[in-house]
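Peer 1: Structure for this input, please:
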Amino acid sequence: MKSRLFPKSERGTADFGWLQANFSFSFGNYYNPDMVQFGMLRVLNDDTIAAGMGFGTHPHDNMEIITIPLQGGLTHRDSMGNEATVSFGEVQVMSAGTGIQHSEMNASQTEAAKTLQLWVFPDKQDVTPRYDQKSFDLEKNNNTFVNIVAPQGKNNDNALWIHQQAYLHIGIFDTGQKITHNIMMPANGVYLFLIEGEIEIDGQIIKERDAYGAIELDSLTIEIKKASKIVLIEVPMTHN
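Peer 2: From the prediction side, this is the model:
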């Protein structure tokens, strides 16, 4: 296994007043040639959106976009006629494909919303755009990873699906737990983002908002040092 720690302090940042953004990879005006992507994972933005504010209507194409609310909710509208609010415990996926226009606004007029947004390169170009969202009972499934996103045709656990051989998992873990996660597709790399808490992997301490990348592995053993929320992303490292 080859691995690397990506400390919170090395992320890009932006302050737009209404938006406090943290970029794990190059995005917008933030460019780091060493951090453009991790395999097919192109974007992981950790955003705080002020009450009543959000991302106005804008276009995307040929990207799989996954939104994970951490606090509060977002109201989604798109050019396909979808309108929905997605909140913590829910996950939203959007295949931009041939092109889509959408907006994502804080659903609250009084409280900030916190979200993770991920972009994954698709394995098919110019697909028909689509939107879906689903609720996952993370609390009920404490101390285990819940599969929230899987490749099309492989989402047997009722995960949402995307056009890529990628898997996303979320878990809420108690202090003292030790978890061994078997990689769904061993050729994939793993990018782990620690939402909160403190964990240890292979002797490496990972703290809140740090990330950890690994390749050439069949499984990953995680020791929970402090109660933690973890996003674990498995992605191909090269285009098919």
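Peer 1: C-alpha only now, for contacts and for neighbours.
Peer 2: Will do.
Peer 1: for stretch 200-210, which positions count as buried?
Peer 2: Across stretch 200-210, burial judged by 16 or more other CA atoms under 10 Å covers 200, 206, 207, 208, 209, 210.
Peer 1: now those residues in CSV, with distance to residue 233 and secondary structure?
Peer 2: Output for the buried residues of stretch 200-210, formatted as CSV (distance: CA to CA, whole Å; DSSP: H, G, I helix; E, B strand; the rest coil):
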residue, distance to residue 233, secondary structure
200, 17, strand
206, 16, strand
207, 17, strand
208, 17, coil
209, 15, coil
210, 14, coil
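Peer 1: Which two among these are spaced furthest apart?
Peer 2: 200 and 209 (13.7 Å; CA to CA).
Peer 1: Let me know the average pLDDT across the strand or helix carrying residue 42.
Peer 2: Element membership for residue 42 (DSSP states H and E) is strand 41-49. What strand 41-49 shows for mean pLDDT is 96.
Peer 1: so what strands line up beside the worst-scoring helix or strand of the chain on mean pLDDT?
Peer 2: One helix or strand of the chain scores below all others by mean pLDDT, DSSP states H and E: strand 54-60, with a mean of 85. Paired strands of strand 54-60, with direction, are strand 100-106 (antiparallel) (DSSP bridges).
Peer 1: mind saving the C-alpha coords of the strand it pairs with as PDB?
Peer 2: In PDB, the C-alpha atoms belonging to strand 100-106 read as follows (Å, rounded to 0.1, in the frame of the first residue of the first chain):
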ATOM      1  CA  ILE A 100     -27.700  20.700 -17.200                       C
ATOM      2  CA  GLN A 101     -28.400  24.000 -15.400                       C
ATOM      3  CA  HIS A 102     -29.000  24.000 -11.700                       C
ATOM      4  CA  SER A 103     -29.000  26.100  -8.500                       C
ATOM      5  CA  GLU A 104     -28.300  25.100  -4.900                       C
ATOM      6  CA  MET A 105     -29.600  27.500  -2.300                       C
ATOM      7  CA  ASN A 106     -29.500  27.300   1.500                       C
END
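Peer 1: Quick check: mean pLDDT of the helix or strand hosting residue 133?
Peer 2: Element membership for residue 133, per DSSP H and E: strand 130-135. Strand 130-135 carries an average pLDDT of 92.
Peer 1: which helices and strands does the helix or strand following it pack with?
Peer 2: For strand 130-135, the following helix or strand on the C-terminal side (DSSP H and E) is strand 145-151. If you count contacts as 3 or more CA pairs under 8 Å, 6 or more residues apart in numbering; DSSP states H and E, strand 145-151 packs onto strand 160-162, strand 167-173.
Peer 1: if we can go back for a sec, list of residues touching the least confident helix or strand of the chain?
Peer 2: 18, 19, 78, 96, 99, 100, 101, 102, 103, 104, 105, 106 (CA atoms under 8 Å, 6 or more residues apart in numbering).
Peer 1: quick one: buried residues of whichever helix or strand comes after it?
Peer 2: Sequence-wise, the next helix or strand downstream of strand 54-60 (DSSP H and E) is strand 64-71. With burial defined by 16+ other CA under 10 Å, the residues of strand 64-71 counted as buried are 64, 65, 66, 67, 68, 69, 70.
Peer 1: Output those residues as JSON lines; include the columns distance to residue 39 and pLDDT.
Peer 2: Output for those, formatted as JSON lines (distance: CA to CA, whole Å; pLDDT from 0 to 100):
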{"residue": "64", "distance to residue 39": "14", "pLDDT": "94"}
{"residue": "65", "distance to residue 39": "15", "pLDDT": "93"}
{"residue": "66", "distance to residue 39": "16", "pLDDT": "94"}
{"residue": "67", "distance to residue 39": "19", "pLDDT": "94"}
{"residue": "68", "distance to residue 39": "20", "pLDDT": "94"}
{"residue": "69", "distance to residue 39": "24", "pLDDT": "94"}
{"residue": "70", "distance to residue 39": "24", "pLDDT": "94"}
